[in-house]
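>>> I would like the atomic coordinates for the input below:
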Amino acid sequence: MISKTAKYALRAVVYMASRGGGPEDRIPIREMAEALDVSQAYLSKVMHRLGRAGVVDSVRGPGGGFWLAVRADRLVLSRVTAPFAETGGPLPCLLADGPCDPDQPCVAHPQWKAIAGAMLGFFQSTTVAELLEGR
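Have a look, this model is predicted:
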């Protein structure tokens, strides 16, 4: 239901949080890409987008790397996926192209709306720290 790019963003943020997450725990992009088994170039683009969104900070050069700009216990998943337009936008129709049309709903609309609402609620209320705690 979310794109591969949004999954990489979530994986990277959870990885950083698991390593401490602060500026003193910065992680070079090469190390993170290797640990997550993701292309360094692709992950670099994801991380820079997260940086523009205020989710991560970074320093370039020797000793540089990325860290969380928001504490893991305050960082909700929807903030991580928002730069990739994965949650919070119009609900995509399950059986047709484009967003759901509540005025002309498809046969799956009532059930799909409930499921999508529950997923959105999960992203908006779950923090990165809660994922690490196993909640």
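>>> contact partners for the residue lying closest to residue 75 once chain neighbours are set aside?
Counting by C-beta to C-beta, 6 or more residues apart in numbering, residue 128 is the residue found nearest to residue 75 once chain neighbours are left out, at 4.7 Å. (C-beta placed from N, C-alpha, C; glycine too.) Listed by C-beta atoms under 8 Å, 6 or more residues apart in numbering, the contact set of residue 128 reads 13-14, 17, 68, 72-73, 75-77, 80.
>>> swap the cut-off to 6 Å and go again
Applying C-beta atoms under 6 Å, 6 or more residues apart in numbering, we find residue 128 in contact with 13-14, 17, 72, 75.
>>> just residue 36 next, same as before
Contacts of residue 36 by C-beta under 6 Å, 6+ apart are residue 11.
>>> pLDDT wise, what is it at?
We note a pLDDT of 96 for residue 36 in this prediction.
>>> over to residue 135?
The model reports residue 135 with a pLDDT of 52.
>>> secondary structure class for residue 38?
Look at residue 38: counting by DSSP: H, G, I helix; E, B strand; the rest coil, its state is coil.
>>> out of the contacts of residue 128, what pair is the most spread apart?
The largest separation in the contacts of residue 128, counting by C-beta to C-beta, is between 14 and 75 at 10.0 Å.
>>> for this protein, what spans make up the helices?
Secondary structure of the chain (DSSP state H): helices located at 4-18, 29-36, 40-52, 77-81, 109-125, 128-133.
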